[in-house]
Each structure stands twice: as structure tokens, then as C-alpha cells.
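**Student:** When you get a sec, could you give me coordinates for this:
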Amino acid sequence: MFPESNINRLPLVFKSDAAKSYFQFHLNGQLASLEYHMKEKSKIVLSRLEISKYLNQVEVGNALIERVLEYIYQADFKVVPVDLEVKKYLQKNSRYQKLVAYDSPLNHYTKPVA
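**Tutor:** Next up, the predicted model:
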């Protein structure tokens, strides 16, 4: 896990509009969001990460992805990563690889963790 910082204390916001759903952080008037949709009843497809150019994109992106994965873990869902940054995060963080759904594209690109 990453070190405790103020960014990890931000509330995770759920938003839906025009048939799209998002997990979001609001920081100093700027927005970071991760688009998602449900697949079946227990899988969350993470499809597009967007972060304001005025934010530290790596730090904020990693914090948002981690918070979303913690939510998925607590809700006992599986994740289907479509967004490239989410895939990279999962590949680097073995703790969350158990959340990846078997039919996920990530399974085609990663080696099993020993």
C-alpha cells in the first residue's frame, strides 16, 4: 500500500450521468474520475481514467485506483480492468491481483505471481 497522505483521506464519490458511472475525487476544484460499469452482478469493469492536467496525475491516479480497488474488495466484487493505467497498477500490486476476474483482458498479459 502506499504511504498515508491527504489524498488517501479524500472521500470517494460515486456519480452517474447519461448512462455512465464514475468513481471520483474532487481536489481543489479539479477532478479525477474512473469510469466503470457493472458486468453481470459481481464484476466491475474499469474502463477509463481521467485526471485534470492541473493535478499530479501519477499520484492522484494511483490513489484513485487504490481506493476503487479497496471498495471492490470490501464489496466482494471482481474487477475487469480495461483502462491501461488500471492494468499497470494491478500488475505492480500483487495484493489486488486476486480481484481480477478470470475473463479479464489482464489475464492474457500477466504472468501468475509466485
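**Student:** By residue count, tell me the biggest helix in the chain.
**Tutor:** For the chain, the helix that runs over the most residues, judged by DSSP state H, is helix 57-74.
**Student:** Show me what it packs onto, helices and strands only.
**Tutor:** With contacts taken as 3 or more C-beta pairs under 8 Å, 6 or more residues apart in numbering; DSSP states H and E, helix 57-74 sits against strand 20-27, strand 30-39, strand 43-51, strand 78-81, helix 84-92. C-beta: built from backbone N, CA, C; applies to glycine.
**Student:** so how far is that helix from its chain's centroid?
**Tutor:** Relative to the chain's own centre, helix 57-74 is displaced by 5 Å; criterion: C-alpha atoms, centre = their mean, to the nearest Å.
**Student:** residues of it that come out buried?
**Tutor:** 60-69, 72 (16 or more other C-beta atoms under 10 Å).
**Student:** So for Tyr102, which of the helices and strands packed on helix 57-74 sits nearest?
**Tutor:** Across the helices and strands packed on helix 57-74, the minimum distance to Tyr102, taken as C-beta to C-beta, is reached by strand 78-81, at 8.1 Å.
**Student:** Geometric centre of this structure: which residue is closest?
**Tutor:** In the chain, the residue lying closest to the centroid (C-alpha atoms, centre = their mean) is Ile65, at 3.2 Å.
**Student:** Test my guess that it contacts Ala32.
**Tutor:** No. Counting by C-beta atoms under 8 Å, Ala32 is not a contact partner of Ile65; they are 9.9 Å apart.
**Student:** which among the buried residues of helix 57-74 gets closest to Gln91?
**Tutor:** Gln91 has its nearest neighbour among the buried residues of helix 57-74 in Ile65, at 11.8 Å by C-beta to C-beta.
**Student:** Identify the residue spatially nearest to that closest one, adjacent ones excluded.
**Tutor:** Nearest residue to Ile65 in three dimensions, chain neighbours excluded: Tyr89, at 4.7 Å (C-beta to C-beta, 6 or more residues apart in numbering).
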